[in-house]
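Visitor: Mind folding the following:
(chains A and B)
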Amino acid sequence: DAMVIQNPRYQVTQFGKPVTLSCSQTLNHNVMYWYQQKSSQAPKLLFHYYDKDFNNEADTPDNFQSRRPNTSFCFLDIRSPGLGDAAMYLCATSRHRTAGAQHFGDGTRLSIL
Amino acid sequence: GENVEQHPSTLSVQEGDSAVIKCTYSDSASNYFPWYKQELGKGPQLIIDIRSNVGEKKDQRIAVTLNKTAKHFSLHITETQPEDSAVYFCAASIINTGTASKLTFGTGTRLQVTL
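Guide: Below is the predicted model:
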């Protein structure tokens, strides 16, 4: 089945130790999004790619970076995780920029020790 | 920017009853309104959406209504079942040809369907 796959489902890292989360999609969608979701809150958009064009939200911390080496894969890099970065990180895709509907993966839950 | 308010924050209904969740948005330029269901430990799943040129849309037991003048939209679930228990998010977006669409989410409603 075509889908959005996030690995790993659970990630534990140490305070200040860089961590990378990955997302792959078999939908061949042009747009990929990264969201942060904290407990009992709505998803918060961090950034998105339209093809290779990177778009950062104004309030996304500099600590967060992203890479999209090809259509299928997108990575979220957290350079120096702090305790406040513990959250669920969700990847989503959209067929093209006017498609509207976004398809989410099941997320990676990040814990910081 | 867009602001989406969602009510109620929690909703408990008996199996078989109907559930209604309401959202209001602030930006009159918003023209796409999806609803997502999120089960514990999973990502949000799109369950129904509506565009601003339509007033109502129905898919089996779920329906969405949109009032553009009042800037509010609602999710209706009829004949609720225990598997409908989840957190539901509304969202609003502006779709145009210039930029990729971005969702602004409501704060979520935790729906509990009791036996």
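
Visitor: CA atoms for contacts and neighbours, from now on please.
Guide: OK.

Visitor: Quick check: bridge partners of A:Y49?
Guide: Beta-bridge partners recorded for A:Y49 (DSSP bridges): A:M32, A:F54.

Visitor: Test my guess that B:T107 contacts B:Y36.
Guide: No: using CA atoms under 8 Å, B:T107 is not in contact with B:Y36, being 11.7 Å away.

Visitor: quick one: common contacting residues for the two?
Guide: Common neighbours of B:T107 and B:Y36, counting by CA atoms under 8 Å, 6 or more residues apart in numbering or on different chains, are B:F89.

Visitor: what's the lowest-mean-pLDDT helix or strand in chain A in contact with?
Guide: None of the helices or strands of chain A scores lower by mean pLDDT, DSSP states H and E than strand A:53-56, at a mean of 89. By CA under 8 Å, 6+ apart, the residues outside strand A:53-56 that reach it are A:L46, A:F47, A:H48, A:Y49.

Visitor: So which elements touch whichever helix or strand comes after it?
Guide: Using DSSP states H and E, the next helix or strand after strand A:53-56 towards the C-terminus is strand A:64-67. In terms of contacts (3 or more CA pairs under 8 Å, 6 or more residues apart in numbering or on different chains; DSSP states H and E), strand A:64-67 is packed against strand A:73-78.

Visitor: what comes up buried for stretch B:49-61?
Guide: For stretch B:49-61, a neighbour-count test (16 or more other CA atoms under 10 Å in any protein chain shown) marks B:D49, B:I50, B:R51, B:E56 as buried.

Visitor: Revised request: answer the last question for stretch A:42-60.
Guide: A:A42, A:P43, A:K44, A:L45, A:L46, A:F47, A:H48, A:Y49, A:Y50, A:N56.

Visitor: about what we covered before: mind putting the buried residues of stretch B:49-61 in TSV, distance to B:K42 and secondary structure included?
Guide: Shown next, in TSV, are the buried residues of stretch B:49-61 (distance: CA to CA, whole Å; DSSP: H, G, I helix; E, B strand; the rest coil):
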residue	distance to B:K42	secondary structure
B:D49	20	strand
B:I50	23	strand
B:R51	26	strand
B:E56	28	strand
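
Visitor: from the residues you listed, which are also near chain A?
Guide: The residues of the buried residues of stretch B:49-61 that also fall near chain A, by CA under 8 Å from any CA of the partner chain, are B:D49.

Visitor: May I see the buried residues of stretch B:49-61 arranged in a markdown table, with pLDDT as well?
Guide: Below are the buried residues of stretch B:49-61 laid out as a markdown table (pLDDT from 0 to 100):
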| residue | pLDDT |
| --- | --- |
| B:D49 | 96 |
| B:I50 | 95 |
| B:R51 | 93 |
| B:E56 | 96 |
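
Visitor: I'd like a version of the buried residues of stretch B:49-61 in CSV, one that adds distance to B:V113 as further columns.
Guide: As requested, those are exported to CSV (distance: CA to CA, whole Å):
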residue, distance to B:V113
B:D49, 22
B:I50, 25
B:R51, 28
B:E56, 24
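
Visitor: ok, now which ones touch the residue of chain B most remote from its centre?
Guide: The outermost residue of chain B relative to its centre, with distances by CA atoms, centre = their mean, is B:G98 at 25.4 Å. Residues near B:G98 by CA under 8 Å, 6+ apart: none.

Visitor: What of A:S24?
Guide: A:V4, A:I5, A:Q6, A:S72, A:F73, A:C74.
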